[in-house]
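1. any chance you can model this:
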Amino acid sequence: MKFQLKTSSGVAYCFAHRIVLQACASTLADICKKKSESQTLLVDDTSYEIFHKLLFYIYGGIIQNNTFEQDSLDLIDAANRYGVVNLKLEAEAQYVKLNKITLDNAIDTLLWADGKHSALVKEQVMDFFMENKKAVHKILSSNETSLPPSMAADILAATTIKDAENSNHIRYYADCNVMRVCSLRQKLQDRGLDIDESREMMIARLEENGRRNELDCQNNQQSQFLVDIPLFCILARIWHHFSHFGIKTDDSS
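-> I've put the predicted structure just below:
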(Lines give C-alpha, C1' and ligand atoms only; values in the text may rest on other atoms or scores of the structure.)
Protein backbone atom coordinates (compact mmCIF):
# COMPACT_ATOMS: atom_id res chain seq x y z
CA MET A 1 0.00 0.00 0.00
CA LYS A 2 1.25 3.47 -0.89
CA PHE A 3 0.78 6.46 1.43
CA GLN A 4 1.22 10.14 0.54
CA LEU A 5 2.15 12.69 3.20
CA LYS A 6 3.05 16.35 3.22
CA THR A 7 6.48 17.49 4.33
CA SER A 8 8.08 20.87 4.81
CA SER A 9 9.68 20.54 1.37
CA GLY A 10 6.71 19.10 -0.50
CA VAL A 11 5.37 15.54 -0.64
CA ALA A 12 6.80 12.21 0.55
CA TYR A 13 5.64 8.61 0.23
CA CYS A 14 5.63 5.59 2.53
CA PHE A 15 4.88 1.97 1.70
CA ALA A 16 3.54 -0.98 3.68
CA HIS A 17 2.17 -4.47 3.01
CA ARG A 18 -1.51 -4.99 3.73
CA ILE A 19 -0.85 -8.26 5.56
CA VAL A 20 1.51 -6.46 7.97
CA LEU A 21 -1.05 -3.72 8.58
CA GLN A 22 -3.74 -6.29 9.29
CA ALA A 23 -1.52 -7.91 11.92
CA CYS A 24 -0.10 -4.79 13.58
CA ALA A 25 -2.23 -1.74 12.68
CA SER A 26 -5.85 -2.86 12.56
CA THR A 27 -7.47 0.55 12.10
CA LEU A 28 -5.05 1.59 9.36
CA ALA A 29 -5.68 -1.75 7.64
CA ASP A 30 -9.43 -1.07 7.68
CA ILE A 31 -8.86 2.36 6.12
CA CYS A 32 -6.75 0.77 3.38
CA LYS A 33 -9.56 -1.65 2.48
CA LYS A 34 -11.32 1.27 0.81
CA LYS A 35 -8.42 1.63 -1.63
CA SER A 36 -7.16 -0.71 -4.32
CA GLU A 37 -3.53 -1.80 -4.56
CA SER A 38 -2.86 0.72 -7.31
CA GLN A 39 -4.33 3.69 -5.41
CA THR A 40 -2.48 6.03 -3.05
CA LEU A 41 -3.88 6.84 0.38
CA LEU A 42 -3.51 10.48 1.45
CA VAL A 43 -2.52 10.84 5.11
CA ASP A 44 -3.20 14.40 6.25
CA ASP A 45 -3.66 13.96 10.02
CA THR A 46 -0.14 12.78 10.89
CA SER A 47 3.27 14.19 10.05
CA TYR A 48 5.59 12.27 7.74
CA GLU A 49 8.17 11.81 10.51
CA ILE A 50 5.68 10.27 12.94
CA PHE A 51 3.98 8.10 10.32
CA HIS A 52 7.35 6.82 9.12
CA LYS A 53 8.30 5.91 12.71
CA LEU A 54 4.98 4.13 13.15
CA LEU A 55 5.58 1.98 10.06
CA PHE A 56 9.18 1.42 11.15
CA TYR A 57 7.86 0.10 14.48
CA ILE A 58 5.30 -2.33 13.03
CA TYR A 59 8.01 -3.80 10.80
CA GLY A 60 10.02 -4.69 13.90
CA GLY A 61 12.04 -1.51 14.39
CA ILE A 62 13.06 -0.38 17.87
CA ILE A 63 12.33 3.23 18.75
CA GLN A 64 15.01 4.80 20.92
CA ASN A 65 14.34 6.57 24.22
CA ASN A 66 15.39 9.96 22.88
CA THR A 67 12.69 9.64 20.20
CA PHE A 68 10.08 8.88 22.83
CA GLU A 69 11.29 11.85 24.84
CA GLN A 70 10.72 14.19 21.88
CA ASP A 71 7.69 12.61 20.21
CA SER A 72 5.89 10.44 22.78
CA LEU A 73 2.60 12.38 22.64
CA ASP A 74 2.57 12.40 18.83
CA LEU A 75 3.38 8.67 18.78
CA ILE A 76 0.58 7.92 21.25
CA ASP A 77 -1.80 9.99 19.11
CA ALA A 78 -0.83 8.22 15.87
CA ALA A 79 -0.78 4.75 17.44
CA ASN A 80 -4.22 5.37 18.95
CA ARG A 81 -5.56 6.63 15.61
CA TYR A 82 -4.25 3.69 13.54
CA GLY A 83 -4.62 0.83 16.01
CA VAL A 84 -0.96 0.11 16.80
CA VAL A 85 -1.62 -1.02 20.37
CA ASN A 86 1.89 -2.06 21.41
CA LEU A 87 3.41 1.22 20.25
CA LYS A 88 0.76 3.20 22.11
CA LEU A 89 1.39 1.33 25.37
CA GLU A 90 5.16 1.60 25.00
CA ALA A 91 4.97 5.32 24.25
CA GLU A 92 2.66 5.81 27.24
CA ALA A 93 5.10 4.06 29.56
CA GLN A 94 8.01 6.13 28.26
CA TYR A 95 6.05 9.37 28.57
CA VAL A 96 5.18 8.64 32.20
CA LYS A 97 8.81 7.75 32.88
CA LEU A 98 10.37 10.76 31.15
CA ASN A 99 7.87 13.56 31.85
CA LYS A 100 6.79 15.23 35.05
CA ILE A 101 3.31 16.48 35.80
CA THR A 102 3.16 20.03 37.20
CA LEU A 103 0.44 22.49 38.17
CA ASP A 104 0.96 24.21 34.83
CA ASN A 105 0.41 21.15 32.64
CA ALA A 106 -1.80 18.88 34.79
CA ILE A 107 -5.21 19.93 33.44
CA ASP A 108 -4.13 20.00 29.78
CA THR A 109 -2.45 16.61 30.12
CA LEU A 110 -5.52 15.14 31.80
CA LEU A 111 -7.86 16.35 29.06
CA TRP A 112 -5.48 15.12 26.37
CA ALA A 113 -5.10 11.68 27.99
CA ASP A 114 -8.87 11.34 28.38
CA GLY A 115 -9.38 12.12 24.68
CA LYS A 116 -6.79 9.52 23.61
CA HIS A 117 -7.99 6.84 26.09
CA SER A 118 -4.49 6.92 27.53
CA ALA A 119 -5.17 5.27 30.89
CA LEU A 120 -1.57 5.26 32.13
CA VAL A 121 -0.97 8.98 31.48
CA LYS A 122 -4.35 9.77 33.01
CA GLU A 123 -3.40 7.79 36.11
CA GLN A 124 -0.15 9.75 36.36
CA VAL A 125 -2.11 13.01 36.47
CA MET A 126 -4.50 11.60 39.07
CA ASP A 127 -1.54 10.58 41.25
CA PHE A 128 -0.29 14.15 41.03
CA PHE A 129 -3.73 15.40 42.08
CA MET A 130 -3.68 13.17 45.16
CA GLU A 131 -0.22 14.35 46.15
CA ASN A 132 -1.08 18.05 45.71
CA LYS A 133 -4.70 18.20 46.80
CA LYS A 134 -4.78 21.78 48.09
CA ALA A 135 -3.08 23.35 45.09
CA VAL A 136 -5.14 21.31 42.63
CA HIS A 137 -8.36 22.18 44.48
CA LYS A 138 -7.70 25.87 43.86
CA ILE A 139 -7.23 25.19 40.14
CA LEU A 140 -10.32 23.02 39.83
CA SER A 141 -12.49 25.51 41.72
CA SER A 142 -11.45 28.46 39.56
CA ASN A 143 -13.80 29.74 36.90
CA GLU A 144 -11.14 29.34 34.23
CA THR A 145 -10.98 25.57 34.64
CA SER A 146 -13.70 23.50 32.99
CA LEU A 147 -13.61 19.69 33.20
CA PRO A 148 -16.12 17.17 31.83
CA PRO A 149 -18.50 15.71 34.47
CA SER A 150 -16.89 12.28 34.00
CA MET A 151 -13.65 13.64 35.50
CA ALA A 152 -15.28 13.82 38.92
CA ALA A 153 -15.66 10.01 38.90
CA ASP A 154 -12.04 9.64 37.84
CA ILE A 155 -10.81 11.85 40.66
CA LEU A 156 -12.97 9.91 43.13
CA ALA A 157 -11.50 6.63 41.83
CA ALA A 158 -7.99 8.03 42.26
CA THR A 159 -8.80 8.94 45.87
CA THR A 160 -10.12 5.43 46.52
CA ILE A 161 -7.00 3.83 45.04
CA LYS A 162 -4.72 6.03 47.11
CA ASP A 163 -6.62 5.30 50.32
CA ALA A 164 -6.54 1.56 49.59
CA GLU A 165 -2.80 1.65 48.94
CA ASN A 166 -2.13 3.59 52.12
CA SER A 167 -4.26 1.27 54.25
CA ASN A 168 -2.86 -1.86 52.56
CA HIS A 169 -6.37 -3.26 52.74
CA ILE A 170 -6.85 -6.79 51.39
CA ARG A 171 -9.62 -5.47 49.09
CA TYR A 172 -6.99 -3.46 47.20
CA TYR A 173 -5.52 -6.67 45.79
CA ALA A 174 -8.82 -8.16 44.62
CA ASP A 175 -11.17 -5.34 43.63
CA CYS A 176 -10.75 -4.11 40.04
CA ASN A 177 -12.13 -0.70 40.98
CA VAL A 178 -9.07 0.07 43.11
CA MET A 179 -6.42 -1.55 40.91
CA ARG A 180 -3.78 0.50 39.13
CA VAL A 181 -3.71 0.57 35.33
CA CYS A 182 -0.73 -1.80 35.02
CA SER A 183 -2.50 -4.39 37.20
CA LEU A 184 -5.71 -4.08 35.19
CA ARG A 185 -3.82 -4.53 31.93
CA GLN A 186 -1.99 -7.57 33.30
CA LYS A 187 -5.27 -9.23 34.32
CA LEU A 188 -6.77 -8.49 30.90
CA GLN A 189 -3.71 -9.87 29.13
CA ASP A 190 -3.76 -13.02 31.27
CA ARG A 191 -7.36 -13.61 30.17
CA GLY A 192 -6.67 -12.86 26.50
CA LEU A 193 -8.70 -9.64 26.48
CA ASP A 194 -8.04 -6.25 24.85
CA ILE A 195 -5.76 -4.08 27.01
CA ASP A 196 -5.94 -0.81 25.05
CA GLU A 197 -8.95 0.75 26.73
CA SER A 198 -9.83 3.47 29.17
CA ARG A 199 -9.71 2.53 32.85
CA GLU A 200 -13.52 2.33 32.97
CA MET A 201 -13.67 -0.01 29.96
CA MET A 202 -10.93 -2.25 31.37
CA ILE A 203 -12.87 -2.65 34.62
CA ALA A 204 -16.09 -3.33 32.70
CA ARG A 205 -14.36 -6.00 30.58
CA LEU A 206 -12.95 -7.76 33.64
CA GLU A 207 -16.28 -7.70 35.45
CA GLU A 208 -18.11 -9.03 32.38
CA ASN A 209 -15.47 -11.74 31.95
CA GLY A 210 -15.87 -12.69 35.62
CA ARG A 211 -19.65 -12.97 35.27
CA ARG A 212 -19.23 -15.07 32.12
CA ASN A 213 -16.74 -17.40 33.81
CA GLU A 214 -19.08 -17.80 36.78
CA LEU A 215 -21.97 -18.66 34.45
CA ASP A 216 -19.80 -21.17 32.55
CA CYS A 217 -18.84 -22.77 35.86
CA GLN A 218 -22.51 -23.10 36.84
CA ASN A 219 -23.37 -24.60 33.43
CA ASN A 220 -20.51 -27.09 33.73
CA GLN A 221 -21.72 -28.16 37.18
CA GLN A 222 -25.23 -28.58 35.81
CA SER A 223 -23.93 -30.59 32.85
CA GLN A 224 -21.98 -32.86 35.19
CA PHE A 225 -25.13 -33.38 37.26
CA LEU A 226 -27.05 -34.38 34.12
CA VAL A 227 -24.29 -36.83 33.21
CA ASP A 228 -24.40 -38.40 36.68
CA ILE A 229 -28.16 -39.02 36.50
CA PRO A 230 -28.00 -41.51 33.54
CA LEU A 231 -25.10 -43.28 35.26
CA PHE A 232 -27.24 -43.71 38.40
CA CYS A 233 -30.10 -45.05 36.27
CA ILE A 234 -27.81 -47.60 34.63
CA LEU A 235 -26.56 -48.85 38.01
CA ALA A 236 -30.16 -49.06 39.29
CA ARG A 237 -31.18 -51.12 36.25
CA ILE A 238 -28.27 -53.52 36.78
CA TRP A 239 -29.21 -53.99 40.44
CA HIS A 240 -32.85 -54.55 39.49
CA HIS A 241 -31.83 -57.07 36.82
CA PHE A 242 -29.82 -59.23 39.19
CA SER A 243 -32.45 -58.94 41.89
CA HIS A 244 -35.06 -60.22 39.41
CA PHE A 245 -33.09 -63.44 38.87
CA GLY A 246 -32.76 -64.05 42.56
CA ILE A 247 -29.07 -63.29 42.85
CA LYS A 248 -28.33 -62.60 46.45
CA THR A 249 -25.47 -60.83 48.06
CA ASP A 250 -23.35 -62.38 50.83
CA ASP A 251 -25.22 -60.32 53.41
CA SER A 252 -28.58 -61.82 52.47
CA SER A 253 -27.40 -65.46 52.31
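2. so where's the chain uncertain?
-> Applying pLDDT under 70 to the chain flags residues 140-146, 149-150, 152-175, 178, 216, 219-253.
3. the spatially most central residue of it: what secondary structure?
-> Closest residue to the average C-alpha location of the chain: residue 195 at 2.2 Å, with Cα atoms, centre = their mean. Secondary structure, DSSP: H, G, I helix; E, B strand; the rest coil: residue 195 is coil.
4. was I right to think it contacts residue 85?
-> Yes: under the criterion of Cβ atoms under 8 Å, residue 195 makes contact with residue 85 at 7.3 Å. No exception for glycine: its C-beta is placed from N, CA and C like everyone else's.
5. before we move on, back to that, how about the contacts made by the residue nearest to the centre of the chain?
-> 85, 89, 185, 188, 189, 202 (Cβ atoms under 8 Å, 6 or more residues apart in numbering).
6. next one: phi and psi at it?
-> Main-chain dihedrals, residue 195, degrees, to the nearest 10: phi -110, psi 0.
7. now swap in residue 33 and tell me
-> Residue 33 adopts backbone torsions of phi -60, psi -20, taken as degrees, to the nearest 10.
8. what about it, distance to residue 53?
-> Separation of residue 33 from residue 53 (Cβ to Cβ, to the nearest Å) stands at 24 Å.
9. neighbour count for the two, which is higher?
-> Ranked by neighbour count (other Cβ atoms under 10 Å), residue 33 and residue 53 place residue 53 first, with 19 against 10.
10. host element of the more buried one?
-> Taking DSSP states H and E as the criterion, residue 53 maps to helix 48-58.
11. so which bits of that helix are buried?
-> For helix 48-58, the neighbour count (16 or more other Cβ atoms under 10 Å) marks 48, 49, 50, 51, 53, 54, 55, 57, 58 as buried.
12. contacts for that helix?
-> For helix 48-58, using Cβ under 8 Å, 6+ apart, the contacting residues are 3, 5-7, 12, 14, 16, 20-21, 24-25, 43, 46, 61, 63, 67, 71, 74-75, 78-79, 82, 84, 86-87.
13. how about the helices in this protein?
-> 18-24, 26-32, 48-58, 65-82, 85-98, 106-115, 119-131, 133-141, 150-167, 181-190, 199-244 (DSSP state H).
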